[in-house]
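could you look at this predicted model? Sequence included:
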Amino acid sequence: MSDEGSLSQLRVPLERLQRLDPIRTWKVEVRADQLEEVKTPLRIGDVFVPSHHPVVVDVVLAKVSEGVAVNGTVVANWVAECSRCLRTIEGDALAQVEELFEENPREGESYPLGDEFLDLAAMVREAVLLELPVGVVRCPNTQECLEAAPEYASAKRKSGDEAEDSERRDPRWAALDELTFEEE
C-alpha cells in the first residue's frame, strides 16, 4: 500500500452525501506514519504511536447548514516505557470526535471543507495526540512493576525519616554512583 493510496483513504468524497440515498459512514485503517506532518511522529514526551501501527477511523458524516459534521471514534495503540521499571508498556488511545468541516473554518474550532473532498487527516492526527497520556506512565499492574525494580520497592517500604529518604536511589541511576571525577 503506497502512502498516496492510504492518504486518499482519509479523503472522503463529498458526492457520497449528495446522493438520493447518502452513504454516511466512513471506516478506514491507516498506518500512523501516514499521519505524520513533515516527518513529525505522533509523540507526546516518551509516549508515541509506532509508525507501523494502525490508526482506525470510524465516523459518521452528516450534512448540516454550516458544512459537514463528523462524529465517531479514532483508535490508535501507543507505546511507552514505565517510568518505574522501564518495561515497555502499551495502551490504546480512544478519541471520540465531534467536529465540523466548513468552507470558512475558524482556527481551533473547525476544519476546512474542500470542494470535492473532506480531508480527515488533520482531525485524526489531533484526536490521537490529544488522547496520548501525558506525564508519568506506569505499568498497569503495580506489583509486577515493583518486582521488576526490587531496589525501588525496598526503598518504598522504608519508613519516612530523612536519613532513609536520602538512601532511596533509583536503580536506573546506580551506574552514576560509581563515577569519579579528577580534580585539577
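Arrived safely.

for the closest residue to Val134 other than its chain neighbours, what are its contacts?
Computed as Cβ to Cβ, 6 or more residues apart in numbering, the closest residue to Val134 that is not its neighbour in sequence is Ile44, at 5.8 Å. Just so you know, the C-beta spots here come from the backbone N, C-alpha and C atoms, and that holds for glycine as well. Contact analysis of Ile44 by Cβ atoms under 8 Å, 6 or more residues apart in numbering lists Leu129, Leu132, Pro133, Val134.

let's see 7 Å
By Cβ atoms under 7 Å, 6 or more residues apart in numbering, the residues touching Ile44 are Leu129, Leu132, Val134.

and those as a markdown table, adding neighbour count and secondary structure?
Output for the contacts of Ile44, formatted as a markdown table (neighbours: other Cβ atoms under 10 Å; DSSP: H, G, I helix; E, B strand; the rest coil):
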| residue | neighbour count | secondary structure |
| --- | --- | --- |
| Leu129 | 16 | helix |
| Leu132 | 20 | coil |
| Val134 | 9 | coil |
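
flag the least confident of the residues you listed.
Minimum pLDDT for the contacts of Ile44 is recorded at Val134 (81).

ok, that one to Val128 distance?
Relative to Val128, Val134 is positioned 13 Å away (Cβ to Cβ, to the nearest Å).

which neighbours do these two have in common?
Common neighbours of Val134 and Val128 (Cβ under 7 Å, 6+ apart) do not exist.

and the lowest mean pLDDT element among the helices and strands of the chain?
Least confident helix or strand, the chain: helix 162-167 with a mean of 47, by mean pLDDT, DSSP states H and E.

helices along this protein, start to end?
With helices called from DSSP state H, the chain shows them at 3-9, 121-131, 142-148, 150-157, 162-167, 174-177.

worst mean pLDDT among those?
Across these, helix 162-167 gives the lowest mean pLDDT, at a mean of 47.

please save the CA atoms from stretch 115-123 in CSV.
Provided in CSV are the C-alpha atoms of stretch 115-123 (Å, rounded to 0.1, in the frame of the first residue of the first chain):
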residue,chain,number,x,y,z
ASP,A,115,-14.8,21.4,-3.0
GLU,A,116,-14.8,17.7,-3.7
PHE,A,117,-13.3,16.0,-0.6
LEU,A,118,-13.4,16.1,3.1
ASP,A,119,-9.8,15.6,4.3
LEU,A,120,-9.9,13.9,7.7
ALA,A,121,-6.1,13.6,8.2
ALA,A,122,-5.6,16.7,10.4
MET,A,123,-8.6,15.8,12.6
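
buried ones in it?
Leu118, Asp119, Leu120, Ala121, Met123 (16 or more other Cβ atoms under 10 Å).
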